[in-house]
Every structure is written in structure tokens, then in C-alpha cells.
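A.B. asks: What shape does this take:
(4 chains, ligands or ions: 2)
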Amino acid sequence: MSSPLSSLYTELVIEHDKRPLHAGLREPFTSEVHHVNPTCGDEITLRLQLTDGRTRIEDVSYDAVGCAMSRASASIMADLLIGRTTAEVEPVQEHFEAAMRSRGRLAGDEELIGDGIALLGAAKFPARVKCVLMSWKAYQAALVEAQTLGA
Amino acid sequence: MSSPLSSLYTELVIEHDKRPLHAGLREPFTSEVHHVNPTCGDEITLRLQLTDGRTRIEDVSYDAVGCAMSRASASIMADLLIGRTTAEVEPVQEHFEAAMRSRGRLAGDEELIGDGIALLGAAKFPARVKCVLMSWKAYQAALVEAQTLGA
Amino acid sequence: MSAPSREFDVEAIRADFPILTRMLDPDTPMIYLDGGATSQRPRQVIDAEVSYLYSDNAAVKRGAHRMAGLATDAYEGARERIAEFIGAPSPDEVVFTKNATEALNLVAHSLGSGDASTPPRLRVREGDEILVTEMEHHANLVPWQELARRTGATLRWIPVADDFTLDLTDLDSLVTERTKVIAFTHQSNVLGTLNPVGRLVEAARGVGALTVLDAAQSAPHMPFDVAELGVDLVALSGHKMLGPTGIGVLWGRYELLEQMPPFLTGGSMIELVDMERSTFAEPPARFEAGTPPISQAVGLAAACDYLDALGMEQIAAHEKALTQQALAGLAGIDGVRIIGPALSAERSGAVSFDVAGRHPHDVGQVLDSLGIEVRVGHHCAWPLHRRFGVHGTTRASFSVHTTAAEVDAFVDGVAHTIDFFGSLS
Amino acid sequence: MSAPSREFDVEAIRADFPILTRMLDPDTPMIYLDGGATSQRPRQVIDAEVSYLYSDNAAVKRGAHRMAGLATDAYEGARERIAEFIGAPSPDEVVFTKNATEALNLVAHSLGSGDASTPPRLRVREGDEILVTEMEHHANLVPWQELARRTGATLRWIPVADDFTLDLTDLDSLVTERTKVIAFTHQSNVLGTLNPVGRLVEAARGVGALTVLDAAQSAPHMPFDVAELGVDLVALSGHKMLGPTGIGVLWGRYELLEQMPPFLTGGSMIELVDMERSTFAEPPARFEAGTPPISQAVGLAAACDYLDALGMEQIAAHEKALTQQALAGLAGIDGVRIIGPALSAERSGAVSFDVAGRHPHDVGQVLDSLGIEVRVGHHCAWPLHRRFGVHGTTRASFSVHTTAAEVDAFVDGVAHTIDFFGSLS
Ligand SMILES: Cc1ncc(COP(=O)(O)O)c(C=O)c1O
Ligand SMILES: Cc1ncc(COP(=O)(O)O)c(C=O)c1O
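C.D. replies: Numbers count the residues shown, from 1 in each chain, chains lettered A, B, ... in the order given. Ligands and ions are numbered 1, 2, ... in the order given. You can find the predicted model right below:
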């Protein structure tokens, strides 16, 4: 097997793909969004439950149809988000996106992005970057919706 | 002066351009058509007067705006048509068109097309063939109109 | 048309495609099995375009100078060549567009132009029906949805049966006196299925409906003759037939084109223009607003020369053999389900499949690591994928330059992919 | 952006254009003064396209394999390069079309799509007004006539004054609360006149109308920056800026593009498709249905590199000097009337003129016999020609590769033409 491929399908990715964390759609939720990747038809429905004046992420639940990368990404993301404040999560998201879009130039800070580090192999495969980022885009949209709904 | 140019602007062409025969719009007429060359904006209004059960061309009158070639062609055509039967004219038109479209391969039969021979220099200039044929197209359309009107 | 060569020498053909020697990384030669998305171009096509640009380039139609004459000859000569290639009775029936998608949009917009002087047969209005099929590429579906939305017409469709062919059981009730257009693909870009053109043309004629054929996937791969097919309008893409991007073709019967209102408007498609209104030129000029894809037309004509020199019968036979090989190979792999007819006799060389439990992106990724370039996703035929309960498929498509060894590598690659993911579990 | 070279070395530039050494017949070198219709292409542009085709060609966006990645990078890289060239804040504001004509049609059709969910500002309806000018190219006139016809809106226009500039006397009454769009050319392709963009933008803003700029003739010849111009939408053609045919550009402010309904529909512009309806992708994808002009985008990016390396300021200065030379030369010839501003400071290097008593076809023919390739006719601006009482004009247009000696030859050629016809009388 050529090495870039194993850098993509790491053990952690395979593990998250097979046994995704926090999967399924749960109640209650502050907002719900549905995102599609029109090039491949992948879909995610994501629910975000905020508490403490809409600053703390109490739950992220989702239903994701997609490739191993996109499913693993949703699982890793949910695990990173749950229990933190939206403010705490901001630098995580920024750093993760920057690393994913860096085409491999940014190594990624494990302190910040945790298991997300296992997804960075995809940064060298431009077509896969979208797969990985879809769940994060959905989170972002759900957050905007939750916060404007509350305003 | 390069020789293709003088083959185009022959003395006869210049003569017909300056003093066009049968020019102007006259009454009576069986049919009238208006033709435009959309690429250059040249225009001709042509009236056809048929007699003898619409078989004989009694008059062709016209108002032509265009380049030397197109004006000369209208003049030469009117002179060729007037006084003949539409049947007599058919082979003239066919031969003239064929020669004009031959890119110079067909020499042209002076017996048939008379002064039309002076226009054949344009056959080597594809962009000018349309100029020369515009009046003939107008005649053809006027003929069709005159004959369907009569039917 | 050049006489086709007697034997099909794939190695000689490959020498005409410089890109085929490309390495994806130092150890991985490229195996390009995505001609269904876009074909590679032989040197002859590129050379024709470059040599036009280095010697005859100018604006067409509008100029009187000699360069304009040379450019116009090149452009109109290309139109004649393409007319000949598709069996069009006259080059005036060949309209150059930017791709097959524009050709189909042109028809849909022209039929919905709302110009009151257009004959009723060529006007889609409220209450009318447009019939498509469930296997259409989005290019032959969305423009009709939009036409229906704009006009108030109703879109209906012929379903696809479990055997991957059109289900014509209810054809008689789907085609009604209200049907104005039947638009369908000649060959599915996913299933490979070849549709029964004659049957649909007959149904359309029975009610005076127009037939619009999407031939983007068929014309490059088999003998193709618009006159024999009996349809009214046909759309093609240059880049799928060894030609350039940026050019497509709409063919239409002249008597229809002549009555159809224009779509794109602007220079070179007019008759008379004043500030308030304009009248329009005869076809094909009426449908070619603005500066057309000139060098691309020259390239496309060279592609027709190239295809004809190989022989369309021979190309079809070559690709059919490869398809058979691929189908047989995939049939032997557990967990692979072919989405399309199992017999090569009923289909073209676009072979789509599903790998149980594996997303096509992941399948494509492993194949790519082996240098095998196949397409993954819904291939712009989303409803068709839904019909078969899959989110996407992996598709290999075969071309004039594909070898039996490449097909073997592909089949082995699919087996390897399944092993790869199995080993990770 | 590459640093512009200090001096403008026309001979070195000419060496980049192989076609310029072409002979029209054994004694007649070609003098190409028709860049206003279509420009010639430097070797660098052709090489960029060919090298893309020989190493990276594949379908963009749709594929996950490495070749598709390379092709997508090339295509999206070209979008970034063009965004930079025109000063667009984001590449997502750059839509590739087939030519400037399609870009203008796209806007006119999108505004008239009739989609009820579109904000009123982006919907042209009955009673609305569309304002154009009397000097428009048909490409920026006929699509608006057709939009008016389809929607019941009214087309109005700003007249052209005797000094060949827009007559803005009645601007305040021409721009009303009903005005939805002001569409105008940056630089007339006939007169050479540069229009007062700022003034028109201000008038449009006053009533909330959109501004659509036809920059087909300006962007290739001067520093051009959409952000500075302040307009809302801009149309460009690749083939007029040393790039390929088959590609044009629509630039638009993202917040407008985002709200505009699609025009052409099909693959790659959708979000979700089912048989009954579809939703659409974000811009620019929303406006790029089907396979785009991929290699042509690569060529166009190379053309931007080439122009920037010469320097747009330097190009403008070079062409201005030639224009001045031509205007001065023609002014000395009896019977020649310039149709356009007499001072080079107010205009570009498109010099149109009338020769008393001589049809432009005849003028062009004599010039062509001398190898001088100029354009004749109404240059797709028929109403403008009527305005000045001429059926057509003869137009010379100057490019980066035009030399002072060529302009001399042109001026001498015009004098010779008049003598030639004089001698025949
Ligand atoms: C001012 C102007 N606008 C628009 C166009 C149309 O450009 P194209 O033919 O490339 O669409 C042209 C060129 O003919 C032009 O000169
Ligand atoms: C069946 C079919 N129709 C239409 C198209 C659209 O072709 P293009 O993208 O060249 O417009 C394609 C190609 O994607 C196709 O496969």
C-alpha cells in the first residue's frame, strides 16, 4: 500500500468511521441544519443544543451519510465540541480549517484539535478536504442559526 | 496595385457602380422585397413587375445601398433580367451563382451572364460573394412572392 | 470521411495521446478510465487548433479582410465536418454551443421564449407536458424543470425498471396530446444503457411532440447518424469526443431551427437592429450570439477526423470488448454490484458499480492510489442513484486508448480495494 | 502580479506572436489592425493551454482522483488569477462564461427569471425600466430588448452627442425610480469613447439600480479594477485580451451573485436534485452549468500574466501614442471623417472612420490588398452608425504588438485607397 493512502485511512479514522461517537439525532436541540455536498451527494443533518445563555454546547447530534473521512470527521468533531463553550471552540475550528486547507504545510496542534489530527492526511487530497470540513460547516451554520434565533 | 484588386474593381464594375442601370423604385410592380446583409448593413429594396401571366419580367427597379460590388451587381442583374421570361433567366441565375461560389474555379460563360462576367473577380474573395449575390437573392424572393401572390 | 483502418492498434493510438505516459508519482503510471467525464485529446486535435492559431486566427463572419476569410473558412469548414460526422443533411443544421448543457438549455429556453409569433408546436405553455426519463443527466433534467417552472407546464418522467432499462409499460399514458417535448438520453452516463430511440420517436410522432436526444455519451462511441435516429434535436459535447472543452453542438432539423426563437442574443445573430427592437438571422447564425469558439471548432473537426480514421464501428467493438472484460471481472468479486445491464451487448463502456459498505469516495481513493482514475459520486444523475438506493457509485469508462491490461488492472484494483478496507476492520 | 518591464519593446513582443510573421501573399506581410474584433495570442498563452492538456487534463470539480485534482487546481487557479487581474475582492465573484455576450445574457436572463423568491431589486418586471446607451454593442443591447419583451419592462437609452460622447443632459429624467438596471459600455468598440462610469454609477445608486458594465473593449487595454469602478456587474471576453475564444467572464459583487437565480442549468451548478425540482449551488458554481472551458481558463490566466508583465499602464501609453499618430495622420487626408473623439486623450485605440463616397467594404478591400487587416461594417453597433448617418465605418484597432511603422502604413494605405478609387473615376 502506498504511504499517502495509509496517512489518509489511519486507524483512528477507521475507528471513528466504524463506531462514530455521539451519532444519531437527539432531542432537545436549539437548532438543526441539513448540509449537502453537491459534488458527491454526501449529507449531514446536525442538531446543536446550547445552554447557559447559548454559550455552552451541551449536545451535538447528527446523522451523516458519506465517506469514511466525512463520517470520522463528524464523530471527532462532536466529541471535541460537546461540553465546551462556543468561545472555547472557535480557535479549535479555525486551526483545524487552516490546517486542512494548508495542503499539508501546517502540521496541526494536537493540543487544540485532538483526534482531529488523524484527519490531516486528507489535507494533501484537495478533493477530500470538503468531505472532512462538511460537518464543521454544518456546525457553523447551526451555531449562527441558534444565535440569531435567540436574538 | 496588386492584380487581384484590379480583377475586382474592373472598369465595368466601376461604371455600373457610378451610373447604375434601372436604379430607383418604379410603379407598377407585382411584388416588392427588402433584403439586408446583416454583417455589413447593406440593403436593397427591389420591385419586380411581371406580365404575360407572370412569366415575363417587364421591369426590375431597386434602391440599393452598399459597396461597389453590390451596387454594380444590382445594376448588371436588372439589365440582364428586364424583358426576358422568368424561365429564360433561370439558367442565367444558376450559372452566375455557381460561378460566384466557385472561388474562381468556374470561369463563367459570357453568353449567359453578360456583364456579370465582370463581377467574377469577387469569386476569389469569399467575403464579397455575399455582396454580389444579394440582389439576386432579392430577385429570387420577389419572384417567389409574385408567383405565390398570383396563385 | 477517411477510410477506417482495418485493425485497431491500441498501442499506436496511445502514441497519439501524450498525456497517457504521465506518471502520477514516480512509481505510478496513470490509467485514465474517466473518458465519460472528459476525454483526453490526441496530438492531432491539439495540433490542428495550434496551427489554426499560428496561421489563420481572426474573428469570423464579421470581417471582410483575408484573415477573416481564412478564419471563417476554418470555422465553417469545421461545421461541415461535424455535420458529416453526425450524418446531418446540411451544415446549416449544426449550431455550435459551449457544451451539451448549453445546447439543451438553448432548446428549453427557445421553446419557452414566449414569442407569440412562434408556431404552437414550438411553444411550451401552461398545461403542456414535458416528458423526460428518470435516468437523465442533470443537464437534460434541470433545464426542463426550469422551463416547466417558468411556463406552468408539467414535467413527467419515464421510470427506470429494475433491469436498468426504461420502463415503458405506461408509455401510452405518459405520452399524451399535451406532451410537447420528449427529452431523453441516448446512452446513460451511469448505467451505460442504450435507450430505444425508435420507440420513443414513434410515441412522440403520434402526438406531434418534439424529440430531444442527449447524445453526449453515445456519439463519441458508436456509429451515429441523426438522420437514421429520427429525432428532432440532438446535443453533443466536444470534450467528450476527443475534442476541446468550450464547444458543444446542437443539431436540429432545419425546418424546426428556422421557426425557433433565439436564445442568447447579441452580435452575429441579428438581421436588423434598432434601439427598440431587432430581427434575427437564419439558423445556424441565429443561435450563435457573440464570438463563437473558433479554434475549438477547428479542434473538434480534427477530432471527427481522428475518430473516423479509427472507424466508429471499430471503436464500438473495441470498447465493447473491454466492457465485457470488465463486467466479467467485476462479477467475480464479492461485494461488487454492477449498476447497469450485465451484458455488454446492451450497453456502452461506462461501468458503474457499488461496493457493499464502502462509500464511492473511499473506493475511488484507493483506486487512485494505484493510478486508476475513475469517477465517483452521483455523476450528475442524482435521481437515478436514488432510484437504486445508492448515494453514489464508482464509474470506470473506456476510451479508444484503453487497453485490456488497463481493464485487468482496474478489476484487480477493485478487488484490492475491498481487501484494503477489509484489512483495516 | 509580475513587475511590469520598464520599457515597452514592441519588437520583443512581436517575437511572442508567431502569426505576425505571416505573409498574406508572397509580397504582402500581414498588418493586423483588428484586435478590437479578436486579438492574436502570444506563444505563452497557447503553450500554457497545451501544457495543461498534455499533463493535467481532466474534468474539474466532479472527480476525486488526482488528475481531477490537478485540473481543478488549474481551473480554480485561473479563476484566482483573473480575479487578481480585474481587482475582484474574491475569486468567488468570477464566473466563467463562453464570451462577453453570454455574460451579459446571463445577467439579463437571471434578472428576468421570474423566480418569486428573488429580492425585488434583482427582478425586472412589467413597468420597470432598463437603461442602456445608444453606443452599445448589440451584445449589450439585444439581451435587454429581449428582457424587456419577456417581462413587459421598458427599454430606454442615453443618446450620443455630436461630440461622440454620451449626452447626459437628460440623465436625471432618464434615471427614475423605475430604473432597475443601467447597462453601458466602458469603452465604445466603434468610437473609442471612454464613458463616465462614476457619473452613471452615482445616478444608479441614487435610485437603487444595478450597473452592468460591458468591459470587453476596455479591460484588455488599460489598468482595470472593478473595485475602483464601483459598478455591480462586469462582462469580459477572453479572446479580446490575448486569450482563447470560448471563454468570457462575468464579474459580480458576491452579495448580488448570491441572490441572483441561475441562468443555464445542469450539472455542477446544483445543490440537490430530485425529479421534480432542484436547488442550486453558491456562486460562482451556480452560474457555471456543465463542463466549463477548462483549458481556455488556463490560457486566459496566462494572458493575464502576459499583460501584467508588459504592464497595463505601459500598454495604455503605447496604444495611446499609436492612436494619436493615426488620428493625426488621418486628419491630413481629404475625405476622411473620424467617427469618434479627435483627441487621443479621450479615447482608446479603436479608430473608426468614414471615407466620403466610399463604402467601407471597398475601403477595407483596398487596405487588405496592402496586407492591412481592418474591420468594416457596423461593428455590431448598428444604432450608433445610424446616429451618425453612416451605414458602416472602417475601423483600425491597435494592440500591444502594433508598431508605429504599421500605423504609418495604415495611414498611407487610406490615402492610397482614396487615390485608387479616384483614379478609377
Ligand atoms: C463593446 C463590446 N461588447 C461586447 C462584445 C461581445 O464580445 P463577444 O463576441 O466575445 O461575446 C464586443 C465584441 O465584439 C464588444 O466590442
Ligand atoms: C449524458 C450526459 N449529458 C450531458 C452531459 C453534459 O455535458 P457537458 O458538461 O459537456 O455540457 C454529460 C456530461 O457530463 C453527460 O454524460
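
A.B. asks: quick one: is the worst-scoring helix or strand of chain A on mean pLDDT near chain C?
C.D. replies: For chain A, the helix or strand with the lowest mean confidence is helix A:3-8, at a mean of 81 (criterion: mean pLDDT, DSSP states H and E). Yes: contact of helix A:3-8 with chain C is found when judged by CB under 8 Å from any CB of the partner chain, involving A:4, A:5, A:8. (C-beta placed from N, C-alpha, C; glycine too.)

A.B. asks: Serialize these to TSV and add fields for distance to residue C:296 and neighbour count.
C.D. replies: Rendered in TSV, the data for those read as follows (distance: CB to CB, whole Å; neighbours: other CB atoms under 10 Å in any protein chain shown):
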residue	distance to residue C:296	neighbour count
A:4	36	16
A:5	38	16
A:8	37	23
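
A.B. asks: which of the residues in stretch C:251-271 are buried?
C.D. replies: Residues of stretch C:251-271 classed as buried by neighbour count (16 or more other CB atoms under 10 Å in any protein chain shown): C:251-253, C:256-257, C:260-270.

A.B. asks: meant to ask about stretch C:215-232, not that
C.D. replies: For stretch C:215-232, burial by neighbour count (16+ other CB under 10 Å) applies to C:215-222, C:224, C:226, C:229-232.

A.B. asks: Would you enumerate the residues in contact with residue C:19?
C.D. replies: Going by CB atoms under 8 Å, 6 or more residues apart in numbering or on different chains, residue C:19 touches C:30, C:32, C:40, D:53, D:54, D:55, D:57.

A.B. asks: From those residues, list the ones also adjacent to chain B.
C.D. replies: Of the contacts of residue C:19, not one also sits near chain B (CB under 8 Å from any CB).

A.B. asks: Just the buried ones among these, please.
C.D. replies: Buried among these by 16+ other CB under 10 Å: C:30, C:32, C:40, D:53, D:54, D:57.

A.B. asks: Make TSV from those and add distance to chain A, pLDDT and secondary structure to it.
C.D. replies: Shown next, in TSV, are the buried ones among the contacts of residue C:19 (distance: CB to the nearest CB, whole Å; pLDDT from 0 to 100; DSSP: H, G, I helix; E, B strand; the rest coil):
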residue	distance to chain A	pLDDT	secondary structure
C:30	14	97	coil
C:32	16	98	strand
C:40	19	98	coil
D:53	20	98	helix
D:54	21	97	helix
D:57	16	96	coil
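
A.B. asks: Just give me the closest of those to ligand 1.
C.D. replies: Taking CB to the nearest ligand atom as the measure, residue D:53 is the one of the buried ones among the contacts of residue C:19 closest to ligand 1, at 22.5 Å.

A.B. asks: ok, that closest one to residue D:237 distance?
C.D. replies: To residue D:237, residue D:53 is 22 Å away according to CB to CB, to the nearest Å.

A.B. asks: Repeat that for residue C:397.
C.D. replies: Here the distance between residue C:397 and residue D:237 works out to 33 Å (CB to CB).

A.B. asks: Residue C:218 contacts residue C:349, doesn't it?
C.D. replies: No: when contacts are counted by CB atoms under 8 Å, residue C:218 is not listed as touching residue C:349 (11.2 Å).

A.B. asks: Pull the number of nearby residues for the residue in chain A that chain D sits nearest to.
C.D. replies: In chain A, no residue comes nearer to chain D than residue A:127, which is 4.2 Å away by CB to the nearest CB. Applying other CB atoms under 10 Å in any protein chain shown, we find 23 residues neighbouring residue A:127.
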